[in-house]
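Enquirer: 3D model of this:
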Amino acid sequence: MTTAGNHPPTHAHVAALEADTGLRHELVDGELFAMSGGTPEHNLLAANTLIHLGMQLMGSPCRPVGSDQKVHVLTDHDDAGLYPDIAVYCGPRERSGAAPTALTNPTVLVEVLSGSTEAYDRGRKFELYRTLRTLRHYVLMAQDRCLIEVYDRNGDGTWTLRVARDGESLELSTIGATLVVDDLYDGVFEE
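Expert: Numbers count the residues shown, from 1 in each chain. Below is the predicted model:
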């Protein structure tokens, strides 16, 4: 999409488009990408995860939010508006100046993988997310099998991968929550 005069879209253009259409759009590398709905498995997995994180974080300064919350990534080289499936914010939420409905300081980001988004979620999107100074855990969840991957930011800025399958769990130490695979996938594959 381009705007009048063939200028790349701005966050203001995206906000107006989203208000007019009711559809979410990610702005990445000067291009707009419409966000489509997920499969029943995707939606149930995201809902289970949001509920479990919400219950574990009650009384803490951290709060999980769903896929309607945009994250703004702004660096010297990038300016992107992204929609993770789940984000956890700890302490005061920081709003973006360029995209007022977007937040800039997630501690945890969760993406439910699909065939059409997996390469993007693992590649360019994770590259953008890694520039967020507050991000400590990036969680990828398969929707076709019980598999959770957690990338943890180390003190030196590198990332370490941990994996859990059926009967296993992974702790998100920064927020004091645990991802229990069997609980998060409960009912996901039932017909």
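
Enquirer: so Ser36 lies in a strand, does it not?
Expert: No. Counting by DSSP: H, G, I helix; E, B strand; the rest coil, one finds Ser36 to be coil, located in no strand.

Enquirer: look at it and report its pLDDT.
Expert: pLDDT recorded at Ser36 is 71.

Enquirer: quick one: Ile175 and Gly54 touch, right?
Expert: No. At 11.6 Å, Ile175 and Gly54 do not qualify as touching, with contact defined as Cβ atoms under 8 Å. C-beta here means a position set from N, CA and C on the backbone, and glycine is covered the same way.

Enquirer: please identify which of these two sits among more neighbours.
Expert: Ile175 (22 against 17; other Cβ atoms under 10 Å).

Enquirer: find the nearest non-adjacent residue to the more buried one, please.
Expert: Cys62 (4.8 Å; Cβ to Cβ, 6 or more residues apart in numbering).

Enquirer: OK, contacts around the one you found?
Expert: 88-91, 107, 175-177 (Cβ atoms under 8 Å, 6 or more residues apart in numbering).

Enquirer: that one pairs with what?
Expert: Judged by DSSP bridges, the bridge partners of Cys62 are Cys90.

Enquirer: please renumber so the chain begins at 152
Expert: Sounds good: first residue 152 from here, last item Cys213.

Enquirer: so which bits of the helix-or-strand element of the chain with minimal mean pLDDT are buried?
Expert: Every helix and strand of the chain was ranked by mean pLDDT, DSSP states H and E. The lowest is strand 182-185, at a mean of 76. Judged by neighbour count (16 or more other Cβ atoms under 10 Å), strand 182-185 contains these buried residues: 183-184.

Enquirer: which residues sit against that strand?
Expert: 152, 159-160, 165, 168, 174-178.
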